[in-house]
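Trainee: for reference, the sequence and a predicted model appear below.
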Amino acid sequence: MSRLLSTKVPSVRIRKLQRDHVDFVLENVDLAFANSLRRAMIADIATVAIDMVEIETNTTVLADEFIAHRLGQVPLISANCDEAMKFSRDCDCLSSCDLCSIELRLNVMCTGDETVHVTTDDLAVVLPQQSRIVDAPEEFSRRPPNFGHPYNKKSEGLQPILLAKIRKGQELKLRCIAKKGLAKEHAKWSPCAAVAFEYDPHNKLRHTTHWYETDEKAEWPLSHNAREELAPADDEPFDYTAQPERFYMDAETVGSLSPKEVVQRGLAELQKNLGSLVHALTTSNATDDVNQNGVIENPTAQSNGFPPTSTYGGPSAAANPWSGSPQANSIWGGMGGGASPTWASGTGTGVGPSSSPVWSGATNAGIGSSPTWGGATSTGVGGSSTSPAWRGPTDAESTTWGNESPAWGT
């Protein structure tokens, strides 16, 4: 992001606002923020949707699973869902209760000769028990009167959603349990049908390569957002440092939440996620010093008594674990002349049942009868080498890795 862009104040300009659609322009932000907002509106906003269906009678031509799937896609009114309802995982009940779920029932039977359309108008919400309302008055007081009802149930200007068609003698009777959830778990909880955004309608940044046969402008017509920006001149030089700063966003909701609430809650969820990330970064390893390469230089001691671990998994007291500096306690066993091994300081137990460290140790027993790495001329791992394979003397007669002098650490 350019320095000029970072000093500007983000702004939102709403171009169109309808019952289930909003079109707005987001300015003075970078591409990552605009896309994060889009993803938050799609998948990070909690809504209510039918999660379990108990079918008592189904003599229609549709299978039980087909009807249950259709019911799960029905948008339910979820206004103020964050404060008006609990997640099932946060509730104390065993399966479902009035605090974490909403019960809906459907019972339709065709008795005449005409085809009966089973729609969302036939779904009836079961009122919560009075005892529950008395025990938790705040949660229920935050629910609007139509909370949990199908979005277009008996709404003026909206047609109900068709669930099934039944003929004479056919019946559909079922019970539904609606719960609170996120679209990360299932798409039925998404409050949006689609969220899209466009930037740079004239393709001045050349983020898109247009394939064309004869005429690029004729075969790739501009969108209506091109009227918001000036078209580049034909001889205008390309600015490779330019960054997009204006985004044309278009969100279409399914009806469970209003477009205004979707945008506001999307921004709130994005702010909460970023706050959690900042908090985690500032509180973890607060007493450690991290250099510009992300390596902890002065790690704090662990409570389990073991040496502090570095970012590479092993104990660390060296400032640079990969260097050959002669500092003591190098991560990889005193590479480059480490005076003391890091895997078992002094004469304590090494990796195996050794009385001396295995790596960069002395001439005592290692994994076999002598340290395999960094030892003297005693037996190696298999007990057959007259010299260790790594960091051994240069006059080794035979090693595990060849008849020549060891390749590493000579």
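Mentor: Cool, the structure landed. Residues are numbered from 1 along each chain as shown.

Trainee: use CA for all of it now, contacts and neighbours both
Mentor: OK.

Trainee: gap between residue 260 and residue 180?
Mentor: 20 Å (Cα to Cα, to the nearest Å).

Trainee: these two - which one has more neighbours?
Mentor: residue 180 (22 against 15; other Cα atoms under 10 Å).

Trainee: mind checking how far the more buried one is from residue 129?
Mentor: Taken as Cα to Cα, the span from residue 180 to residue 129 is 19 Å.

Trainee: and if you look at residue 116?
Mentor: Note on residue 116: its distance to residue 129, by Cα to Cα, is 32 Å.

Trainee: out of those two, which sits in the busier spot?
Mentor: Counted by other Cα under 10 Å, residue 116 and residue 129 do not tie: residue 116 has more neighbours, with 17 against 10.

Trainee: residue ranges of each domain in this structure, please.
Mentor: As given by automatic domain parsing, the domain ranges for the chain are 3-43+192-204+239-283, 47-188.

Trainee: which one of the ones you listed lies closest to residue 227?
Mentor: Smallest distance to residue 227 across those (Cα to Cα): 8.9 Å, for domain 3-43+192-204+239-283.

Trainee: the closest one - what's its average pLDDT?
Mentor: Averaging pLDDT along domain 3-43+192-204+239-283 gives 91.

Trainee: in this protein, where is pLDDT below threshold?
Mentor: Filtered on pLDDT under 70, the chain yields the residue ranges 1-6, 131-132, 134-135, 284-410.

Trainee: quick check: buried residues in stretch 106-113?
Mentor: Residues of stretch 106-113 classed as buried: 106, 108, 109, 110 (neighbour count, 16 or more other Cα atoms under 10 Å).

Trainee: stretch 28-38 too?
Mentor: Applying a neighbour-count criterion of 16+ other Cα under 10 Å, one finds 28, 29, 30, 34, 35, 37, 38 buried in stretch 28-38.

Trainee: residue ranges of the strands in the protein, please?
Mentor: Assignment of strands within the chain using DSSP state E yields the ranges 11-17, 21-27, 47-58, 101-109, 116-119, 124-125, 162-166, 171-181, 192-198, 246-253.

Trainee: and the second one, what does it pack against?
Mentor: This points to strand 21-27. strand 11-17, strand 246-253, helix 259-283 (3 or more Cα pairs under 8 Å, 6 or more residues apart in numbering; DSSP states H and E).

Trainee: tell me the angle of the second one relative to helix 259-283?
Mentor: Following axes from the mean of the first three to the mean of the last three Cα atoms, to 10 degrees, one obtains 120 degrees for the angle between strand 246-253 and helix 259-283.

Trainee: the shortest one now?
Mentor: Calculated by the same axes, to 10 degrees, strand 11-17 forms an angle of 150 degrees with helix 259-283.

Trainee: who does strand 11-17 touch, helix- and strand-wise?
Mentor: Short answer (3+ Cα pairs under 8 Å, 6+ apart): strand 11-17 packs on strand 21-27.

Trainee: pairing partners for the strand it packs on, with directions?
Mentor: Here strand 21-27 is paired, per DSSP bridges, with strand 11-17 (antiparallel), strand 246-253 (antiparallel).

Trainee: go through those strands and name the closest to residue 163.
Mentor: Using Cα to Cα, the strands paired with strand 21-27 put strand 246-253 closest to residue 163, at 20.2 Å.

Trainee: of all the domains of the chain, which one is nearest residue 230?
Mentor: domain 3-43+192-204+239-283 (8.3 Å).

Trainee: surely residue 189 meets residue 179?
Mentor: No. Taking contacts as Cα atoms under 8 Å, residue 189 lies outside contact range of residue 179: 9.4 Å.

Trainee: between those two, what contacts are shared?
Mentor: By Cα atoms under 8 Å, 6 or more residues apart in numbering, residue 189 and residue 179 have these common neighbours: 48, 49.

Trainee: these two - which one has more neighbours?
Mentor: residue 189 (29 against 25).

Trainee: tell me the contacts of the residue nearest to that one when sequence neighbours are not counted?
Mentor: Nearest residue to residue 189, sequence neighbours excluded (Cα to Cα, 6 or more residues apart in numbering): residue 183, at 4.7 Å. Shown in contact with residue 183 (Cα under 8 Å, 6+ apart): 42, 43, 44, 45, 46, 189, 190.
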